[in-house]
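[1] Show me how the following folds:
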Amino acid sequence: MKKVLSILALSVLPSVALSGAHGGLSGHGTGIVTDNEVMEGTTGALIKRTTEDIWIWDNPPAGFPAASSATCNQFIAVGGAPQPIGIVFVCRSVDPDGDITLNNGLPQADGSIKLTIVAATGKWAPYIGASWIGATDIDLGDDGSVYTFTPAN
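    Numbering: from 1, shown residues only. This is a model prediction of the structure:
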């Protein structure tokens with residue numbers, strides 16, 4: 001199973017992203033893997049990978065934090081081969097001011113991940129529906145990744 005997790009790290013972690021606000025708000029982040037859970041079936045496996053992330057915003061608008069922390073879960077389904085047959089991401093964040101975001105993410109055809117705010121409060125509420133595309137800059141294998149993200153809309 002460690003081999004499967006390593007292969008998944010190479011195929012999934014290179015595409016980690018996060019969300020925030022659109023309109024030119026981009027940035028970079030670091031995700032450190034804190035847990036891997038595996039549910040094995042007879043024809044495949046389900047993997048839940050948890051990361052603790054720090055999102056650092058480039059030029060945040062007035063009143064927005066320069067950085068936020070998030071907990072992200074990647075849910076990965078594999079069949080007979082170690083390549084993923086399905087992936088979905090969920091990231092949840094409470095910023096330093098106490099405002100929340102709930103984000104979902106899906107892999108894109110080019111290997112990136114598109115994350116979208118699906119629920120938010122406070123200053124983030126106007127950004128519900130905003131999306132970002134993320135790509136890995138440094139792959140740390142089973143330990144995590146360093147990535148950048150740019151607005152998709």
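
[2] Could you list the low-pLDDT ranges of the protein?
    Scanning the chain for pLDDT under 70 picks out 1-24.

[3] go with 50
    Scanning the chain with the threshold set as pLDDT under 50 gives 1-22.

[4] Strands of that one, residue ranges please.
    26-40, 45-58, 67-78, 84-94, 100-107, 113-120, 131-139, 144-151 (DSSP state E).

[5] and the longest one, which strands flank it?
    Read that as strand 26-40. Strand pairing for strand 26-40, using DSSP bridges, gives strand 45-58 (antiparallel), strand 144-151 (antiparallel).

[6] I'd like those strands written out as a markdown table, with mean neighbour count and distance to Trp124 added.
    Using the backbone N, CA and C atoms, a C-beta is placed for each residue, glycine as well. Output for the strands paired with strand 26-40, formatted as a markdown table (neighbours: other C-beta atoms under 10 Å; distance: least, C-beta to C-beta, whole Å):
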| stretch | mean neighbour count | distance to Trp124 |
| --- | --- | --- |
| strand 45-58 | 18 | 12 |
| strand 144-151 | 20 | 14 |
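
[7] so which of these gets nearest Glu37?
    Nearest to Glu37, of all the strands paired with strand 26-40, is strand 45-58, at 4.5 Å by C-beta to C-beta.

[8] Please identify the residue most distant from the middle of this protein.
    When each C-alpha in the chain is compared with the mean C-alpha position (C-alpha atoms, centre = their mean), Thr42 comes out farthest, at 28.5 Å.

[9] That residue: what's it in contact with?
    For Thr42, the contact set (C-beta atoms under 8 Å, 6 or more residues apart in numbering) is empty.

[10] any idea how far it is from Gly80?
    According to C-beta to C-beta, to the nearest Å, Thr42 and Gly80 sit 10 Å apart.

[11] The residue lying closest to Ser93 once chain neighbours are set aside: neighbouring residues, count only.
    Excluding the flanking residues, the one nearest Ser93 by C-beta to C-beta, 6 or more residues apart in numbering is Ala70, at 3.9 Å. Ala70 has 21 neighbouring residues, counting by other C-beta atoms under 10 Å.
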